[in-house]
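Visitor: Provided below for reference: sequence and predicted model.
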Amino acid sequence: MKTLYLFNTLTRNKEEFIPIEAGKAGMYCCGPTVYNFAHIGNLRAYFFEDILKRVLLFNGFEVNHIMNITDVGHLVSDDDEGEDKMEKGSAREGKTVWEIAEFYAEAFKKDIALLNVLPPSVYCKATDFIKEQIEMVECLDKKGYTYKTNDGIYYDTSKFPEYGRMALLDVEGLEEGRRIAFSDEKKSKTDFALWKFSPKDQKRQMEWESPYGTGFPGWHIECSAMSIKFLGKHFDIHCGGVDHIPIHHTNEIAQAEACTGEKFVNYWLHGEFLIEEKGKMSKSAGEFLRLQTLIDKGYSPLDYRYFLLMTHYRKKIRFSFDNLDAARNGFNNLKSKIKEVKSDLKELYDVSESDNVFRYREKFYEGINDDLNVSEGLALTWEVLKDESLSAEEKIFLVNDFNKILGLDLDKIEADNIPEEIIVLANKRKEAKANKDFKLSDDIRQQIKALGYELLDKKGGEFDIKKI
Ligand SMILES: [Zn+2]
């Protein structure tokens with residue numbers, strides 16, 4: 001097995017990936033809050049996690065990939081204030097929260113499938129694991145990490161000395177910056193809700209009984225409870241967008257480690273944002289681009305995947321339609337080049353042991369295993385296709401192999417199927433040329449062109465036929 005290096009947010013270092021159990025990797029990814037369609041910026045996070053998963057698989061690991069679906073508890077503000085995102089979606093569309101959750105979870109799954117993002121081993125909905133979340137609140141309660149206010153049970157972050165370590169949070173500084181208007185009973189700015197009580201005068205669409213009263217779980221508790229349920233108290237990899245570092249993931253660590261008394265996760269990986277000139281693109285800013293918007297404008301979902309592949313996951317991507325156009329051109333050229341090579345394929349024979357294949361695979365590993373440098377892998381794919389010392393068979397073998405990471409359906413590209421009629425004409429022309437009958441040779445070339453094909457002459461009277 002090769003050495004794989006990943007950048008760990010915990011240590012701010014690239015570290016060798018050493019799994020807890022040899023040959024296996026447990027990976028938990030924070031999923032969508034299903035109250036609206038996913039924005040193309042949100043989709044970048046799932047694309048990055050897909051690359052991570054594919055790289056783990058390429059390295060021979062068996063991957064257990066868990067993703068949650070947040071269908072309860074996520075409030076508009078990360079400070080446990082404001083409207084419930086699900087209730088907001090419900091009011092907007094005049095449907096129940098359950099219908100909203102179902103509809104947008106399906107829309108999300110469709111989007112990521114169109115982007116060739118491999119589905120997780122398990123999708124877990126927060127509302128299916130309320131019991132586990134309540135048990136975790138009880139665990140924290142028994143250990144003295146909680147207090148009660150008028151509106152819920154809160155986590156007392158001052159009891160967890162390691163609080164905010166991953167995010168390098170300046171907890172005291174945050175306290176000083178505490179807003180004057182912030183007048184609820186929270187003891188500290190960083191404390192957060194584990195369980196929120198339903199309002200006394202109204203019945204919520206989603207609420208459950210608990211030893212603390214009727215209510216619903218805070219947003220962060222679902223990920224700690226469900227990741228432990230599916231992957232155990234201590235597992236390999238947890239990922240999400242960089243926006244999760246200061247609050248959501250910080251709180252997940254505080255909940256899990258206080259309850260289990262063990263280290264929660266070994267490697268934390270975070271993907272950067274997609275930005276527009278206006279700044280961070282997000283759903284809360286109002287108008288937003290979704291995958292369907294790109295499709296409606298004539299782009300394929302894989303044009304967008306190619307666009308994402310061009311930038312390392314820890315760098316910001318500036319999105320514009322000009323940049324997307326450039327990516328689409330690059331992708332079209334790549335597909336044409338592969339078609340061309342495929343039409344030169346004679347007989348498929350086994351090249352897996354060839355020196356050329358070995359050399360290029362080593363180079364490819366070097367890139368992807370250096371903290372998922374897929375843009376280097378993409379550049380290498382071009383290098384392979386242009387390398388004259390490789391046979392068509394070797395090129396196609398390598399492209400198909402690299403496609404396991406790139407996920408661009410390069411293995412499905414077919415050589416143009418040239419009709420028999422055209423091949424017969426082309427051979428007649430070859431004969432005419434050999435007989436130096438240039439008039440007939442030219443006439444046949446025109447005839448072929450009129451039928452939608454072009455002849456490209458090669459050395460020794462040979463030729464290629466291309467569809468125009
Ligand atoms: Zn989460």
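Guide: Thanks, I have it.
Visitor: if I pick the residue in the stretch 201-350 of the chain that the ion sits nearest to, what's in contact with it?
Guide: Using CB to the ion, C223 is the residue of the stretch 201-350 of the chain that sits closest to the ion, at 3.2 Å. Glycine gets a C-beta too; all of them are placed from N, C-alpha and C. Contacts for C223 (CB atoms under 8 Å, 6 or more residues apart in numbering) come out as 28, 30, 68, 248, 252.
Visitor: Filter those residues down to the ones in strands?
Guide: 28, 68 (DSSP state E).
Visitor: With distance to the ion and neighbour count added, can I get the contacts of C223 in JSON lines?
Guide: Shown next, in JSON lines, are those (distance: CB to the ion, whole Å; neighbours: other CB atoms under 10 Å):
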{"residue": "Y28", "distance to the ion": "8", "neighbour count": "29"}
{"residue": "C30", "distance to the ion": "3", "neighbour count": "21"}
{"residue": "N68", "distance to the ion": "6", "neighbour count": "25"}
{"residue": "H248", "distance to the ion": "5", "neighbour count": "18"}
{"residue": "E252", "distance to the ion": "6", "neighbour count": "26"}
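Visitor: Send me the helix or strand where H220 lies as PDB with only the CA atoms.
Guide: Per DSSP states H and E, H220 falls inside helix 219-231. Backbone C-alpha positions of helix 219-231 (Å, rounded to 0.1, in the frame of the first residue of the first chain) are rendered in PDB as follows:
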ATOM      1  CA  TRP A 219     -28.200  20.900  15.400                       C
ATOM      2  CA  HIS A 220     -24.800  19.800  16.500                       C
ATOM      3  CA  ILE A 221     -25.800  16.800  18.600                       C
ATOM      4  CA  GLU A 222     -27.100  14.800  15.600                       C
ATOM      5  CA  CYS A 223     -23.600  14.500  14.000                       C
ATOM      6  CA  SER A 224     -21.900  13.300  17.300                       C
ATOM      7  CA  ALA A 225     -24.700  10.800  18.000                       C
ATOM      8  CA  MET A 226     -25.000   9.400  14.500                       C
ATOM      9  CA  SER A 227     -21.300   9.200  13.700                       C
ATOM     10  CA  ILE A 228     -20.700   7.300  16.900                       C
ATOM     11  CA  LYS A 229     -23.600   5.000  16.200                       C
ATOM     12  CA  PHE A 230     -22.300   4.100  12.800                       C
ATOM     13  CA  LEU A 231     -18.500   4.400  13.200                       C
END
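Visitor: Just checking, which helix or strand succeeds it along the chain?
Guide: strand 235-241.
Visitor: Shouldn't Y154 be within a helix?
Guide: No. Assignment of Y154 by DSSP: H, G, I helix; E, B strand; the rest coil gives strand, placing it outside any helix.
Visitor: give me the beta-bridge partners of it?
Guide: In this entry, Y154 is beta-bridged to Y147, A193, by DSSP bridges.
Visitor: Equivalent analysis for E62, please.
Guide: Residues in beta-bridge contact with E62 (DSSP bridges): K24.
Visitor: confidence score at it?
Guide: Note for E62: predicted pLDDT of 98.
Visitor: quick one, what contacts it?
Guide: For E62, the contacting residues are 23-25, by CB under 8 Å, 6+ apart.
Visitor: now L302
Guide: Residues in contact with L302 (CB under 8 Å, 6+ apart) are 115-116, 331, 408-409.
Visitor: hmm, 10 Å instead?
Guide: By CB atoms under 10 Å, 6 or more residues apart in numbering, L302 lies in contact with 114-116, 309, 328, 331, 335, 406-410.
Visitor: Could you export those as a markdown table, including neighbour count and secondary structure?
Guide: Output for the contacts of L302, formatted as a markdown table (neighbours: other CB atoms under 10 Å; DSSP: H, G, I helix; E, B strand; the rest coil):
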| residue | neighbour count | secondary structure |
| --- | --- | --- |
| L114 | 18 | helix |
| L115 | 20 | coil |
| N116 | 17 | coil |
| L309 | 23 | helix |
| R328 | 19 | helix |
| F331 | 23 | helix |
| K335 | 16 | helix |
| L406 | 22 | helix |
| G407 | 20 | coil |
| L408 | 23 | coil |
| D409 | 13 | coil |
| L410 | 20 | helix |
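Visitor: quick check, nearest of those residues to E376?
Guide: Minimum distance to E376 across the contacts of L302 is 10.4 Å, recorded for L309 (CB to CB).
Visitor: quick one: that closest one and L410 touch, right?
Guide: No. Checked against CB atoms under 10 Å, the pair L309 and L410 is beyond contact range at 11.7 Å.
Visitor: and L274, how many residues sit next to it?
Guide: 24 (other CB atoms under 10 Å).
Visitor: Go ahead and confirm it touches L289.
Guide: Yes. Here L274 reaches L289: they are 9.4 Å apart, a contact under CB under 10 Å.
Visitor: what do those two both touch?
Guide: In contact with both L274 and L289: 39-41, 43, 281, 319, using CB under 10 Å, 6+ apart.
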